[in-house]
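S.K.: Give me the fold of what follows.
(6 chains)
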Number of protein chains: 4
Amino acid sequence: MTEAARRTQIVAAAIETVAELGYARASFAKIADRAGLSSTSRISYHFAGKDDLLRACVAEITGVATEFMRPRIDAAAGYAAKLRAYIESNLDLLVERPAHLRALVEILRNVRDAEDGLGEAALASRTRLFAEHLRAGQEAGEFGAFDPEVLALAITGAIDAFVGASHDSASHDGTAPDDANGGIDLRRAGTELADAFERAVLANGVRR
Amino acid sequence: MTEAARRTQIVAAAIETVAELGYARASFAKIADRAGLSSTSRISYHFAGKDDLLRACVAEITGVATEFMRPRIDAAAGYAAKLRAYIESNLDLLVERPAHLRALVEILRNVRDAEDGLGEAALASRTRLFAEHLRAGQEAGEFGAFDPEVLALAITGAIDAFVGASHDSASHDGTAPDDANGGIDLRRAGTELADAFERAVLANGVRR
Amino acid sequence: MTEAARRTQIVAAAIETVAELGYARASFAKIADRAGLSSTSRISYHFAGKDDLLRACVAEITGVATEFMRPRIDAAAGYAAKLRAYIESNLDLLVERPAHLRALVEILRNVRDAEDGLGEAALASRTRLFAEHLRAGQEAGEFGAFDPEVLALAITGAIDAFVGASHDSASHDGTAPDDANGGIDLRRAGTELADAFERAVLANGVRR
Amino acid sequence: MTEAARRTQIVAAAIETVAELGYARASFAKIADRAGLSSTSRISYHFAGKDDLLRACVAEITGVATEFMRPRIDAAAGYAAKLRAYIESNLDLLVERPAHLRALVEILRNVRDAEDGLGEAALASRTRLFAEHLRAGQEAGEFGAFDPEVLALAITGAIDAFVGASHDSASHDGTAPDDANGGIDLRRAGTELADAFERAVLANGVRR
DNA sequence: GATGAATGAGCGTTCATTCAT
DNA sequence: GATGAATGAACGCTCATTCAT
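M.R.: Model (predicted):
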């Protein structure tokens, strides 16, 4: 097997392992097992360390997420529509790639003392971007009066809670159909969530 | 020193340690250090295992949280007011006892395979109770139409995001005043958050 | 077994192991074996790391060496006599405690990047002290003209060569009597060595 | 690139690596890096094992040293002059080829359980040859009375100490000029060292 | 009952070497 | 013949737990 293919495979195994066992229990040994490697040394050969591997995972996941969500967000016209597109596509992605999002949340929540791109700093920067969007929407008159920082954190936190909740149920019941998760229909939940936050941010408090 | 006092002291040390270092790095050794114990065996003597210690931590934290939040929630009249009281008092508590809430979130997020009272099951049950409240508010006509499960998860997730964000900033800047955290005034954030979710759930879409 | 006794025993085992196998092959596993420990974790408990253990070894060896050599050096009157006392007592010590000196040389030669008290810095500081003595002897008119730095390095290097040579022979022939080593009678060698360096440093080039 | 050239290149890289990092840290990986090889397997392909590679290094270094020192020793007339030529040319060589001599000393000091040509056995055989020369000088009446074994070991040990000391200083201060090392002018040190040992071995105790 | 000493599994990492191609 | 991929043992170290006293 070629070197690049192994790298890819290890990243995939790491994502699945972190998603399933959580950050703390995702050891090289478990990842190597899943990747079909007889020893953890092969992982150490391909990646400079655990941080390096996790960074590669984050890059892979971010790439997939961007590819999935970006078009839908770009296609939406207006700040509110883009907000809805973000929330809905994020929850749709959770249906398509649950392990990816679970792993992402686990990694970002747990890594400490990492430079950019990993750990809480990455979470904070996502929130910051979100706040920018909200602020811009306010200036455009589309959104009402609220603290953009607070709502940005609320929205991203709410989304991550769905990721975490899906984690929970999936681990207890592997038989759930792809589009059901923890008893929640995630696609519907995305719409509901978008509705709710729309009510929270819209200038005119329109009821649907 | 009485046995109960020792237990209390160990629990306090464990809470601080988990809050500061995170779940994964909070080993018995670190906790014993902070509690001024010379050996981890004293922890093992008082607690049946790590799970048992963490359960005691959760109980302690839950007790403190209940004592702090319960009166304010009870004093509020109406479903919406109670929701606001919950959110605001929770963020006020984050100001008063940041370590407690950080530890709680860390524990509930990371413990796996635990029976009731720990881990994701505990998170889910908190969400379930919340959903009950929302459903009751709908039936009382105070709240509008939305999926209570979805909003329950969104609200608790949003609150936990503030806990996590406060963790982040606190660890990078020990000089912040007690009532400021990560550049966010948590008391104001509580009001903002309550405002936002009120707009999201109220039947008549009232604007403040 | 008490904690302090274990520490002492581990240090003793480490000294023997380093002396026998050399720095590079003296792993915690080998040391634990010799100390009668079932696992390396006990060593890690007593010492902060390999450096810490080696530092303790150096301290122990230095203590033994000082206790042995100091009185003889102090008893000698005059710079030349002290030089002789140093050389002779050092080689006598090599007879009494071969493992100690072998281990010391191994450690000082091989440790890199260590703070004071370990590694090449320690070797250099010993040479510096030696050079001071030689310089003082010159100023007192007892020694002739030569570069003290050069002779200090030459003398300490020569002594260490005997330590190294004794290592060699001992490892190949464990049956040698205590006062024979590598075919060399170390006590006689000490006298010979002192004679030779005396001829090299004395002002008047006296022949014995 | 021809096989012989590859071998030569690997040997050169190994010598530099051992000289810089010391025996224990000179792994195939580091050597391959320095040689510009993508895999350590190419080293294993050209050499039967680490011993084989080190033996080739020793052979290369010995060849260089012989080529450099032999003419000067041969050109010297008399046992004392040859001794001086040996010492001085050896320290001159340390100026010209510091890495070579450092690597040689590292290898000979640290390799264990090797057959002839490596390890302490090689060191001992060098000392034996030296002792032969001293003994012959005594029989010729040029040298005085002393134990040839002892002085042979002392002289070689002293020289090696300079090699070691140069290693030390060089690694801490890369700015030193080529002919200065650790604050010591090695060429002058060679003369001083030869002077000192001349005083130690000459029959008539001549002062310069 | 309480504690200092010990345990063994597991961690991420480096190592020289082997093997199929 | 030459090489990229893989191997498994060993490294120092941390962990929660157990046990004799």
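S.K.: How many neighbouring residues does residue A:76 have?
M.R.: When neighbours are defined as other C-beta atoms under 10 Å in any protein chain shown, residue A:76 has 17 of them. Yep, even glycine has a C-beta here, placed from its N, CA and C like the rest.
S.K.: now swap in the one 5 residues further on and tell me
M.R.: As a burial measure, the neighbour count of residue A:81 was computed by other C-beta under 10 Å and equals 15.
S.K.: Let me know the helix or strand that it is in.
M.R.: For residue A:81, the element it lies in under DSSP states H and E is helix A:79-96.
S.K.: Likewise for residue A:195?
M.R.: Secondary structure from DSSP H and E places residue A:195 in helix A:186-201.
S.K.: repeat for residue A:15
M.R.: Per DSSP H and E: residue A:15 is located in helix A:3-21.
S.K.: Give me the mean pLDDT for that helix.
M.R.: For helix A:3-21, the mean per-residue pLDDT is 95.
S.K.: And for stretch A:121-128?
M.R.: The average pLDDT within stretch A:121-128 is 85.
S.K.: what angle do the helix holding residue A:195 and helix A:79-96 make?
M.R.: If you take axes from the mean of the first three to the mean of the last three C-alpha atoms, to 10 degrees, helix A:186-201 sits at 160 degrees to helix A:79-96.
S.K.: Put the alpha carbons of helix A:186-201 into PDB.
M.R.: Provided in PDB are the C-alpha atoms of helix A:186-201 (Å, rounded to 0.1, in the frame of the first residue of the first chain):
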ATOM      1  CA  LEU A 186     -31.800  15.500  12.600                       C
ATOM      2  CA  ARG A 187     -33.000  16.900   9.300                       C
ATOM      3  CA  ARG A 188     -36.200  18.100  10.900                       C
ATOM      4  CA  ALA A 189     -34.200  19.300  13.900                       C
ATOM      5  CA  GLY A 190     -32.100  21.400  11.600                       C
ATOM      6  CA  THR A 191     -35.200  23.200  10.200                       C
ATOM      7  CA  GLU A 192     -36.600  23.600  13.700                       C
ATOM      8  CA  LEU A 193     -33.300  25.000  15.000                       C
ATOM      9  CA  ALA A 194     -33.100  27.400  12.100                       C
ATOM     10  CA  ASP A 195     -36.600  28.500  12.800                       C
ATOM     11  CA  ALA A 196     -35.900  29.100  16.400                       C
ATOM     12  CA  PHE A 197     -32.800  31.100  15.800                       C
ATOM     13  CA  GLU A 198     -34.500  33.000  13.100                       C
ATOM     14  CA  ARG A 199     -37.100  34.100  15.500                       C
ATOM     15  CA  ALA A 200     -34.400  35.000  17.900                       C
ATOM     16  CA  VAL A 201     -32.400  37.200  15.500                       C
END
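S.K.: Determine the set of other helices and strands touching it.
M.R.: Taking 3 or more C-beta pairs under 8 Å, 6 or more residues apart in numbering or on different chains; DSSP states H and E as contact, the helices and strands that helix A:186-201 lies on are helix A:79-96, helix A:148-172, helix B:148-172, helix B:186-201.
S.K.: give me the low-pLDDT residue ranges for chain A?
M.R.: Low-confidence segments of chain A, defined by pLDDT under 70: A:113-116, A:168-183, A:205-208.
S.K.: which bits of it sit near DNA strand F?
M.R.: A:1, A:2, A:3, A:6, A:37, A:38, A:39, A:40, A:41, A:42, A:45 (C-beta under 7 Å from any atom of the strand).
S.K.: go with 10 Å
M.R.: Within chain A, the residues that sit near DNA strand F (C-beta under 10 Å from any atom of the strand) are A:1-7, A:9-10, A:28-29, A:32, A:35-46.
S.K.: Mind giving me the ChimeraX command for buried ones among those residues?
M.R.: Only the buried members of those enter the following ChimeraX selection, criterion being 16 or more other C-beta atoms under 10 Å in any protein chain shown:
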select /A:6,7,9,10,28,32,35,37,42,43,46
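S.K.: helix/strand/coil for the residue nearest to residue A:86 when sequence neighbours are not counted?
M.R.: Leaving aside its sequence neighbours, residue A:86 sits nearest to residue A:73 (C-beta to C-beta, 6 or more residues apart in numbering or on different chains; 5.5 Å). With DSSP: H, G, I helix; E, B strand; the rest coil as the basis, residue A:73 sits in helix.
S.K.: who are the neighbours in contact with residue A:73?
M.R.: Residue A:73 makes contact with A:82, A:85, A:86, A:89 under the criterion C-beta atoms under 8 Å, 6 or more residues apart in numbering or on different chains.
S.K.: Next: residue A:140.
M.R.: By C-beta under 8 Å, 6+ apart, the residues touching residue A:140 are residue A:79.
S.K.: how near is it to residue A:132?
M.R.: Plainly put, residue A:140 is 12 Å away from residue A:132 if you go by C-beta to C-beta, to the nearest Å.
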